[in-house]
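1. I need the structure of the sequence given here:
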Amino acid sequence: MNISKEEFEEIIKLAILQISKNKRINFIFSKPWNNKYYFALDIIKNLKINANCIISNELSDYHKNIISNYLIWNEVINLNDDNLDLISENDTFFLDIKLKNIINVILFDEEEYESRLVMKLFEKGNSVYLWKETVKKVTGKEPKNYINKLLGYYDEILSYGVKIVDIEEVNKYE
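-> As a prediction, this is how the structure comes out:
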């Protein structure tokens, strides 16, 4: 079967359109290693969603191998400056973002990869999720001003459209 150049280009355009309709989500595995990542990997594996794995360069090779080989990812991408534009093309789920990064975003400080990435995600209109399992919690024993300040940080980041959720809530990427 012979097809013309124009027909071939039309097929490629349709294929690209179809691929672009398949929404993906990035899962960020930040430094330092958190043993809750094992739990997260189990949950993600059971969801069978269309996901990319973003791994901090500062994790050990041992942990990088666990993450990248635990399940079949669409892509495994290193979290570094060269890849921030690529990563920010998809909605992103932070499995363990540090309070320092949340504060950096609030202050528009691009000191670390995670805060730079969140700002890029905002610029592109993509969603940012934080895993509620790793969000800093209060015991109620802390001083009132400490609790108010901490909750204020989370209130502010939530006002930017960031969502604090369970991993299972991202099943729209199937």
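2. Going along the chain, name the helices of the chain.
-> 5-21, 36-47, 61-70, 84-87, 99-106, 113-124, 144-159 (DSSP state H).
3. any chance of the ones you listed in CSV, with mean pLDDT, mean neighbour count and distance to residue 55 too?
-> Heads up, the C-betas are built off the backbone N, CA and C, glycines and all. Shown next, in CSV, are the helices of the chain (pLDDT from 0 to 100; neighbours: other CB atoms under 10 Å; distance: least, CB to CB, whole Å):
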stretch, mean pLDDT, mean neighbour count, distance to residue 55
helix 5-21, 57, 9, 23
helix 36-47, 92, 16, 10
helix 61-70, 96, 14, 5
helix 84-87, 94, 16, 11
helix 99-106, 94, 18, 16
helix 113-124, 95, 20, 11
helix 144-159, 95, 12, 23
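4. In contact with residue 52, which residues?
-> 24-27, 73-77, 87, 90 (CB atoms under 8 Å, 6 or more residues apart in numbering).
5. likewise residue 97?
-> For residue 97, the contact set (CB under 8 Å, 6+ apart) comprises 28, 30, 114, 130, 134.
6. Quick check on the residues you listed: which are buried?
-> Buried subset of these (neighbour count, 16 or more other CB atoms under 10 Å): 28, 30, 114, 130, 134.
7. how close does the second one sit to residue 155?
-> In other words, residue 30. 22 Å (CB to CB, to the nearest Å).
8. what about the nearest residue to residue 71 once chain neighbours are set aside, distance to residue 157?
-> Setting aside the residues directly before and after it, residue 71 is nearest to residue 45 in space (CB to CB, 6 or more residues apart in numbering), at 4.6 Å. Per CB to CB, residue 45 is found 28 Å from residue 157.
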